[in-house]
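Peer 1: quick check, what structure comes out for this input:
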Amino acid sequence: MSGHSKWATTKYRKGAQDKARAKIFAKCIRLVEVAARDGGGDLDSNATLRTAYQKARAASVPLDTIEKAIRRGTGDLEGVRYESINYEGYGPGGVAIMVETLSDNRNRTGAEMRNLFSRNGGNMAEPGAVGWQFERKGIVTVGLDNDEDKVMEIAMEGGAEDMSSNGAAWVVTTAPADLESVRQALDDAGITPQSVDLSLEPTTLVPVPEEGEAKKVLRLLEAIDDHDDVQAVHSNADISDEVLAAFEG
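Peer 2: Okay, here's the model as predicted:
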């Protein structure tokens with residue numbers, strides 16, 4: 001099971017308990033705005049917008065709210081201009097961390113990211129210092145109530161690279177260019193994905209066997225993920241299911 005899958009599982013379970021819906025909505029809306037600004041407001045021709053739209057709908061963001069975000073992105077409505085900025089760093093135990101943000105103030109976000117790392121046992125790194133340890137992948141999650149062999153067969157026919165379980169869902173991995181074709185193949189077969197997203201996946205994992213150290217890593221990831229400007233946090237930490245379960249509790 002990959003570092004992404006484990007952290008994603010923990011993040012989403014805790015998110016359902018701890019995060020205000022308004023904060024989740026705000027992150028989804030910001031992503032929609034930027035996608036519409038960069039590639040236009042047509043869902044059929046803008047794959048990035050389509051993915052952001054689906055992510056927002058999966059989070060139960062009202063359709064009217066999403067449509068207004070698209071119009072702000074295309075300039076039809078006035079809105080704040082967000083910039084995509086990635087931050088790199090290290091956490092406890094030397095694990096690599098990549099942070100994807102959308103910010104309207106580069107200086108403020110950078111200072112706050114540096115503060116979050118330092119307060120939680122990590123440190124920021126120069127651009128490129130850890131980025132080489134990750135690669136962009138498409139990630140589709142499907143409920144475990146779907147037959148494993150059927151999901152794998154359809155996903156592979158659609159262009160998927162791999163499939164595994166994170167304990168909460170089937171996780172289908174694709175090349176970024178094949179994400180939409182895999183989603184469409186599953187949809188056509190009557191299998192509705194839980195989520196469809198682009199992610200930065202670690203190419204190698206760093207084991208964090210000691211429970212105390214692992215919990216420090218998870219607290220850092222959670223603190224970063226909770227920042228309003230953060231869209232996604234990725235780590236190459238390999239943490240046991242037992243520690244993850246204890247952290248969720």
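Peer 1: tell me the helices and strands packed up against the longest strand along the chain.
Peer 2: Taking DSSP state E as the criterion, the chain has its longest strand at strand 134-143. Other elements packing on strand 134-143 under the criterion 3 or more CB pairs under 8 Å, 6 or more residues apart in numbering; DSSP states H and E are strand 169-174, helix 179-188, strand 195-202. The C-beta positions use only the backbone N, C-alpha and C, and glycine is treated the same way.
Peer 1: what about the residue nearest to G159 when sequence neighbours are not counted, distance to S165?
Peer 2: For G159, ignoring the flanking residues on the chain, the nearest one in space by CB to CB, 6 or more residues apart in numbering is D178 at 3.6 Å. The gap separating D178 from S165 is 20 Å, by CB to CB, to the nearest Å.
Peer 1: looking at the two, which one has more neighbours?
Peer 2: D178 (18 against 12; other CB atoms under 10 Å).
Peer 1: which ones are touching the more buried one?
Peer 2: Counting by CB atoms under 8 Å, 6 or more residues apart in numbering, D178 makes contact with G138, G158, G159, A160, E161.
Peer 1: among these, which lie within strands?
Peer 2: G138.
Peer 1: tell me the domain ranges of the chain?
Peer 2: 3-74, 83-132+204-248, 135-202 (automatic domain parsing).
Peer 1: now the longest one, how far from the chain's geometric center?
Peer 2: The one in question is domain 83-132+204-248. 13 Å (CA atoms, centre = their mean, to the nearest Å).
Peer 1: what about the chain, any weak spots by pLDDT?
Peer 2: 1-20, 248-249 (pLDDT under 70).
Peer 1: need the strands for it, in chain order.
Peer 2: 83-90, 96-103, 123-125, 134-143, 162-165, 169-174, 195-202, 206-207, 230-235, 237-238.
Peer 1: reformat those strands into JSON lines and put distance to E112 next to each item.
Peer 2: Below are these laid out as JSON lines (distance: least, CB to CB, whole Å):
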{"stretch": "strand 83-90", "distance to E112": "10"}
{"stretch": "strand 96-103", "distance to E112": "9"}
{"stretch": "strand 123-125", "distance to E112": "11"}
{"stretch": "strand 134-143", "distance to E112": "22"}
{"stretch": "strand 162-165", "distance to E112": "34"}
{"stretch": "strand 169-174", "distance to E112": "31"}
{"stretch": "strand 195-202", "distance to E112": "21"}
{"stretch": "strand 206-207", "distance to E112": "25"}
{"stretch": "strand 230-235", "distance to E112": "10"}
{"stretch": "strand 237-238", "distance to E112": "22"}
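Peer 1: among those, which comes closest to R30?
Peer 2: Of all those, it is strand 96-103 that lies closest to R30, at 4.9 Å by CB to CB.
Peer 1: what angle do that closest one and strand 134-143 make?
Peer 2: 80 degrees (axes from the mean of the first three to the mean of the last three CA atoms, to 10 degrees).
Peer 1: strand 96-103 pairs with which strands?
Peer 2: strand 83-90 (antiparallel), strand 230-235 (antiparallel) (DSSP bridges).
Peer 1: looking at these, which is closest to T109?
Peer 2: strand 83-90 (6.4 Å).
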